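Asks: Below is the sequence, then the predicted model.
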Amino acid sequence: MSLYQEQSLKIYNTLSGQKETFTPIEKGHVGMYVCGPTVYSNVHLGNVRTFMSFDMVFRYLKHLGYKVRYVRNITDAGHLENDADVGEDKITKKARLEAIEPMEVVQRYTVDFHNTLNTFNFLPPSIEPTATGHIIEQIELVKTIIENGYGYIANGSVYFDVHKFNETNDYGKLSKRKLEDLIHNTRILDGQTDKRNPQDFALWKKAEPQHIMRWPSPWSDGFPGWHLECTAMSTKYLGDQFDIHGGGMDLKFPHHECEIAQNEAAKGQSPVNYWMHANMLELNGQRMSKSTGNIVNPAELLSGKNEFFSKAYSPSVIRFFNAQSSYRSVLDLTNDGLLASEKGFHRLMDAINILEELQPGTASSMDVAAWKQHCYDAMNDDFNSPVLIAHLFEAVKLINQMKEGKSSLTREDLDLFKNTLHSFTFDILGLVNTAVTNTGTDKLAAAVELLIDLRQQARANKDFALSDKIRDQLAEKGIQLNDGKDGTTFSF
Ligand code: AMP
Ligand code: ZN
């Protein structure tokens with residue numbers, strides 16, 4: 001029997017606004033699509049948070065024994081400035097500014113994206129398709145939408161007729177908007193005069209002469225509208241109807257609303273059973289966003305080279321920080337918050353390390369099976385990682401009592417306890433045991449200890465150039481020194 005048959009997972013579905021029991025279309029299999037990055041600049045921590053939330057979802061579904069096909073795309077064409085239907089392609093703009101090929105931009109930032117995700121111990125998706133690799137599929141979709149009467153051609157571009165669609169379907173059902181309200185609130189932008197109505201969106205755009213990313217089509221040499229790629233790629237790999245579609249909250253409208261409209265118009269059915277939206281990471285109470293420049297790059301946090309933070313933080317501390325909030329809550333990135341998470345993370349790792357040395361007793365002070373089920377209950381409740389972490393800290397408390405001889409577990413319970421703790425901490429939350437305690441006998445640990453002592457001496461002698469050099473050069477090698485009240489610890 002697989003775990004998913006014993007556990008009842010509930011997922012908050014944006015479409016219904018409720019937590020629903022998760023039942024996949026095909027027993028034992030899950031199809032999940034998550035909108036990936038537009039690769040025109042380095043990913044920031046906000047992007048990382050969204051992908052990390054879905055990495056946790058992927059990990060938990062796999063842990064439950066599902067065979068998961070996880071598709072996360074790369075947007076390498078068609079995404080215009082301001083997420084609009086007019087303006088320059090984000091990738092082309094970057095290529096123009098740097099005088100390089102658009103595909104050089106794509107390659108550079110795809111590599112950065114993968115490196116960043118590897119640093120944070122992400123599992124790779126099953127398929128990572130690109131928009132440019134699926135132009136033919138997108139053209140076919142546009143043809144079908146036109147044939148079905150929901151797309152119209154204007155000056156070589158093709159638009160989706162939102163008003164016509166809304167006569168028989170419900171445009172706005174995901175983002176809880178009404179077309180009438182949209183009519184009052186849509187700004188008419190220059191260059192949108194080809195549209196019958198400002199609410200219509202582009203399926204295909206005729207390329208201006210300077211637009212270099214272009215493909216032939218029945219309507220013009222041009223490029224696909226931004227929303228089309230996800231419809232083409234999700235249904236190609238997961239079928240016309242699939243289980244889960246995820247992305248950041250900001251993509252609900254228009255991007256995901258338009259995906260639903262395109263699918264319903266082309267195939268006559270809503271594509272997704274469970275829509276999941278991850279909430280935003282904020283910095284100084286404002287959404288972290290490339291367009292406003294209110295961003296922190298992962299590398300700055302990992303090296304500590306950012307005036308906003310007092311020190312460097314390890315990737316697992318950032319994962320832990322993220323998991324301490326529900327994926328559906330806004331999370332504010334602060335130095336104090338990270339310091340607290342670092343402390344909590346080290347407490348958890350120290351306890352897990354101590355557990356390795358503990359011997360079984362003759363009786364158990366805790367009902368391990370009940371505790372284990374509480375951990376599952378937390379994750380089954382729409383991936384409630386903060387509640388899970390609270391249960392992990394009950395385990396920490398028990399371990400510390402066991403160490404002092406005040407509590408014990410029988411051999412059988414001890415094994416179950418250890419396995420469960422490891423599964424939730426490492427397999428599901430994706431944390432890595434990087435905490436090396438000061439009592440470690442590891443040779444590298446001893447060498448770093450020596451460097452910490454030398455740095456202490458340098459500081460005492462006010463030789464800050466040397467003390468900073470030790471810290472920075474260790475950080476470059478991936479070894480973070482963490483200055484605290486009780487002295488300096490390190491992690492890598
Ligand atoms: P983009 O590369 O801009 O298309 O964004 C990639 C992903 O990151 C999308 O799912 C966005 O919703 C998500 N995202 C962008 N900004 C933030 C943020 N501040 N917090 C969380 N997720 C974000
Ligand atoms: Zn998408």
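Replies: Everything's here; your move. Ligands and ions are numbered 1, 2, ... in the order given.
Asks: contacts and neighbour counts: CA atoms only from here.
Replies: Will do.
Asks: Run through the bridge partners of whatever residue of the stretch 101-250 of the chain ends up closest to ligand 1.
Replies: As assessed by CA to the nearest ligand atom, ligand 1 sits closest to Gly248 within the stretch 101-250 of the chain, at 3.1 Å. Under the criterion DSSP bridges, Gly248 forms beta bridges with Ala278.
Asks: can you pull the contacts of it?
Replies: By CA atoms under 8 Å, 6 or more residues apart in numbering, the contact set of Gly248 is 50, 277-280.
Asks: can you pick the most crowded of these?
Replies: When those are compared by neighbour count (other CA atoms under 10 Å), Thr50 ends up highest, at 25 neighbours.
Asks: was I right about it contacting Gly247?
Replies: Yes: contact criterion CA atoms under 8 Å: Thr50 and Gly247 qualify, at 7.0 Å.
Asks: Quickly list what's touching both of the two.
Replies: Counting by CA under 8 Å, 6+ apart, the residues touching both Thr50 and Gly247 are Ala278.
Asks: Where in this protein is the helix or strand with the lowest mean pLDDT?
Replies: Sorting the helices and strands of the chain by mean pLDDT, DSSP states H and E puts strand 487-491 at the bottom, at a mean of 79.
Asks: for that one, the distance to its chain's centre please.
Replies: Per CA atoms, centre = their mean, to the nearest Å, the displacement of strand 487-491 from the mean C-alpha position of its chain is 29 Å.
Asks: Distance from the chain centre to stretch 471-482, please.
Replies: What separates the centre of stretch 471-482 from the centre of its chain is 26 Å, taken as CA atoms, centre = their mean.
Asks: And the average pLDDT for it is what?
Replies: Mean pLDDT, stretch 471-482: 85.
Asks: who touches it?
Replies: Here stretch 471-482 makes contact (CA under 8 Å, 6+ apart) with 302-303, 311-314, 455, 488-492.
Asks: ok so, going back, tell me the one of the contacts of Gly248 nearest ligand 2?
Replies: Closest approach to ligand 2 among these (CA to the ion): His277, at 11.9 Å.
Asks: Correct me if wrong: that closest one contacts Gly17.
Replies: No: assessed by CA under 8 Å, His277 is found out of contact with Gly17, at 11.2 Å.
Asks: mind listing what the nearest residue to Met249 once chain neighbours are set aside touches?
Replies: Nearest non-adjacent residue to Met249, counting by CA to CA, 6 or more residues apart in numbering: His277, 5.0 Å away. His277 makes contact with 14, 246-249, 252, 328, according to CA under 8 Å, 6+ apart.
Asks: what do you get if the cut-off is 7 Å, keeping everything else the same?
Replies: 246-249 (CA atoms under 7 Å, 6 or more residues apart in numbering).
Asks: tell me, which of the residues you listed make contact with ligand 2?
Replies: With the criterion set as CA under 5 Å from the ion, no member of the contacts of His277 is near ligand 2.
Asks: hey, what's the nearest residue to Asp382 once chain neighbours are set aside bridged with?
Replies: Spatially, and ignoring its direct neighbours in sequence, Asp382 is nearest to Ile11 (4.5 Å; CA to CA, 6+ apart). Per DSSP bridges, the residues bridged to Ile11 are Glu20.
Asks: Against ligand 2, how distant is Ile11?
Replies: Applying CA to the ion, to the nearest Å, the value for Ile11 to ligand 2 is 20 Å.
Asks: Count the residues that sit near that residue.
Replies: 20.
Asks: Kindly report the same for the one 4 residues further on.
Replies: Close neighbours of Leu15, defined as other CA under 10 Å, add up to 15.
Asks: Next, the contact list for it, please.
Replies: 173-174, 275.
Asks: Just put the contacts of His277 in CSV and tack on pLDDT.
Replies: Shown next, in CSV, are the contacts of His277 (pLDDT from 0 to 100):
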residue, pLDDT
Gly246, 98
Gly247, 98
Gly248, 98
Met249, 97
